[in-house]
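*Asks:* Please find the sequence and the predicted model below.
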Amino acid sequence: MHDDPCVDDRHPHRPRPGRQASVEGVTTAVPRVLPAAHGIAEAAAVLRAGGLVAFPTETVYGLGANALDARAAARIFEAKARPGFDPLITHLADAADLPALVGALPPPVAALAERFWPGPLTLIVDRPDAIPPIVTSGLDTMAVRVPDEASARALIRAAGVPVAAPSANRFGQLSPTRAEHVVHGLGAAVDVVLDGGPTRCGIESTIVDARGPHPVVLRLGALAVEELVAAVGPVTVRPGSSGQPVAPGTLAAHYAPRTPLRVVAGAGPTPHDGVRRGFLAFREGPAAGYAAVEVLSPAGDVTEAAARLFDALHRLDAAGVSEILAEPVPDEGVGRAINDRLGRAAATWAPPG
Ligand code: TXA
Ligand code: MG
């Protein structure tokens, strides 16, 4: 057992019955929503039949398909409107299943898997022949992880196949941390949603390429860089530094609400210009003047802030404001990943004029 890098403040949870979902203003049918505790066998059958199942992990909800089935994987790209160049992460039920799929691992990769799985760490390995190229967007490498969520692992085990799963949102939009986010974002493009309540970490896994002499962090995420360093020594952090993105989750514009978002140093005085603004605060909301305010962690805890980040952004996005202002959090631990996501959410915003 290792320490849980994320918070666990889940409350007893009862899934809400399905409603009409709206995608891009068009009302669509809703997927089947099953409680994670009881829907495993049915969801696993859907995966085996080539269908799409959204399921909770400790980070965000994933949109899963049988990773051995090219047609099933193609449905993920369609449902998300995801460009074909953005490879998927393959999920396994147990670390012990990886050598059976890909053969012997480079020792540093094996060491990281041993230390942090199950958990919010994605590792880069060679793509085995059993995984069709569409899953890795033609790359000869594959991203893989073992999620630290009992229902996710039970689902993968019951399906009996590796499960390819990106975050269960339309491409470029906010990641889902609740089943409702998936239903609203993807509608009936997904066959079944397993509802396990809010996710613990709230931010995606950290992606590390540890095949070379020095581990390289390709995406900041729920496993803090400090924890990696403590375990394996110095690492290089290089999210999105290459022109040809190795991890398109590191594209400049990503994780974005529909409402324009700007990162600001602090709340500051609100201009009296009649514009309805929302504010995303770290510890303390601004005194007045904002139409909607979300405070990520009154206690000033970046891990708690990460767990609440996307949920808060989903709410601000639905608050009918014209602009969201967000203040950065301390750039330490998972705070780095939060600031990375805020920066990318802001990248689509163009100043007027
Ligand atoms: O926490 C997570 O990682 C969640 C849950 C569902 O596991 N998944 C997730 O998937 O965030 P997605 O698709 O939203 O982000 C996966 C990232 C993408 O930026 C993709 O480019 C990168 O992983 N990736 C996938 N395969 C890769 C590879 N072979 N080399 C480098 N990056 C890769
Ligand atoms: Mg994503």
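*Replies:* Alright, I've got the coordinates. Ligands and ions are numbered 1, 2, ... in the order given.
*Asks:* CA only for contacts and neighbour counts going forward, please
*Replies:* Noted.
*Asks:* What is the neighbour count of Ala230?
*Replies:* For Ala230, the count of nearby residues is 9 (other Cα atoms under 10 Å).
*Asks:* ok, so what distance separates it from Phe116?
*Replies:* In this structure, Ala230 and Phe116 are 12 Å apart, going by Cα to Cα, to the nearest Å.
*Asks:* repeat for Ala130
*Replies:* Separation of Ala130 from Phe116 (Cα to Cα): 25 Å.
*Asks:* which one of the two has more residues nearby?
*Replies:* Counted by other Cα under 10 Å, Ala130 and Phe116 do not tie: Phe116 has more neighbours, with 24 against 11.
*Asks:* For the residue minimising distance to the centre of the chain, give me its contacts.
*Replies:* Nearest to the mean C-alpha position of the chain, by Cα atoms, centre = their mean, lies Glu204 at 3.6 Å. With contact taken as Cα atoms under 8 Å, 6 or more residues apart in numbering, Glu204 is in contact with Thr59, Val60, Pro120, Gly221, Ala222.
*Asks:* neighbours around the third one, how many?
*Replies:* If I follow you right, that is Pro120. 27.
*Asks:* Just to be sure, Ala95 is in a helix?
*Replies:* No: Ala95 is assigned coil when assessed by DSSP: H, G, I helix; E, B strand; the rest coil, not a helix.
*Asks:* wait, isn't it in contact with Leu112?
*Replies:* No: look at Ala95 against Leu112 with Cα atoms under 8 Å: they stay out of range, at 10.6 Å.
*Asks:* In three-state terms, how would Val293 be classified?
*Replies:* With three-state DSSP as the basis, Val293 sits in strand.
*Asks:* Just list whatever residues bridge to it.
*Replies:* Residues in a beta bridge with Val293, per DSSP bridges, are Phe279.
*Asks:* For Thr136, see how far away it is.
*Replies:* Note on Val293: its distance to Thr136, by Cα to Cα, is 39 Å.
*Asks:* Now do the contacts for Pro166.
*Replies:* Gly62, Leu63, Gly64, Leu88, Ile89.
*Asks:* so of these, which ones are in strands?
*Replies:* Gly62, Leu63, Gly64, Ile89 (DSSP state E).
*Asks:* Quick one: neighbours of the first one, just the number.
*Replies:* Using other Cα under 10 Å as the criterion, Gly62 is surrounded by 27 other residues.
*Asks:* was I right about it contacting Ile76?
*Replies:* No: contact criterion Cα under 8 Å: Gly62 and Ile76 do not qualify, at 10.4 Å.
*Asks:* Which residues are in contact with each of these two?
*Replies:* In terms of Cα under 8 Å, 6+ apart, Gly62 and Ile76 are both contacted by the residues Ala165.
*Asks:* Could you check how far Ala45 is from ligand 1?
*Replies:* Distance, Ala45 to ligand 1, using Cα to the nearest ligand atom, to the nearest Å: 19 Å.
*Asks:* That residue: how many residues sit nearby?
*Replies:* Ala45 has 16 neighbours, counted by other Cα under 10 Å.
*Asks:* what's near enough to touch the residue lying closest to Ala130 once chain neighbours are set aside?
*Replies:* Excluding the flanking residues, the one nearest Ala130 by Cα to Cα, 6 or more residues apart in numbering is Leu68, at 6.2 Å. Listed by Cα under 8 Å, 6+ apart, the contact set of Leu68 reads Ala130, Ile131, Pro132, Val161, Pro162.
*Asks:* ok, now Thr57?
*Replies:* For Thr57, the contacting residues are Pro147, Asp148, Glu149, Ser151, Ala152, Thr199, by Cα under 8 Å, 6+ apart.
*Asks:* 7 Å instead, please
*Replies:* Counting by Cα atoms under 7 Å, 6 or more residues apart in numbering, Thr57 touches Pro147, Asp148, Glu149, Ala152, Thr199.
*Asks:* taking the residues you listed one by one, which sit in helices?
*Replies:* Taking DSSP state H, the ones among the contacts of Thr57 that sit in helices are Ala152.
*Asks:* Please list only the buried members of the contacts of Thr57.
*Replies:* Among the contacts of Thr57, those that count as buried by neighbour count (16 or more other Cα atoms under 10 Å) are Pro147, Asp148, Glu149, Ala152, Thr199.
*Asks:* can I assume the third one is in contact with Tyr61?
*Replies:* No: shown here, Glu149 and Tyr61 do not form a contact pair, counting by Cα atoms under 7 Å, at 10.7 Å.
*Asks:* Shouldn't Ala345 be within a strand?
*Replies:* No: counting by three-state DSSP, one finds Ala345 to be helix, located in no strand.
*Asks:* does it really touch Thr259, like I thought?
*Replies:* No: using Cα under 7 Å, Ala345 is not in contact with Thr259; the gap is 9.8 Å.
*Asks:* give the contact list for Ala307.
*Replies:* Neighbouring residues of Ala307 by Cα under 7 Å, 6+ apart: Arg200, Cys201, Gly202, Ile203.
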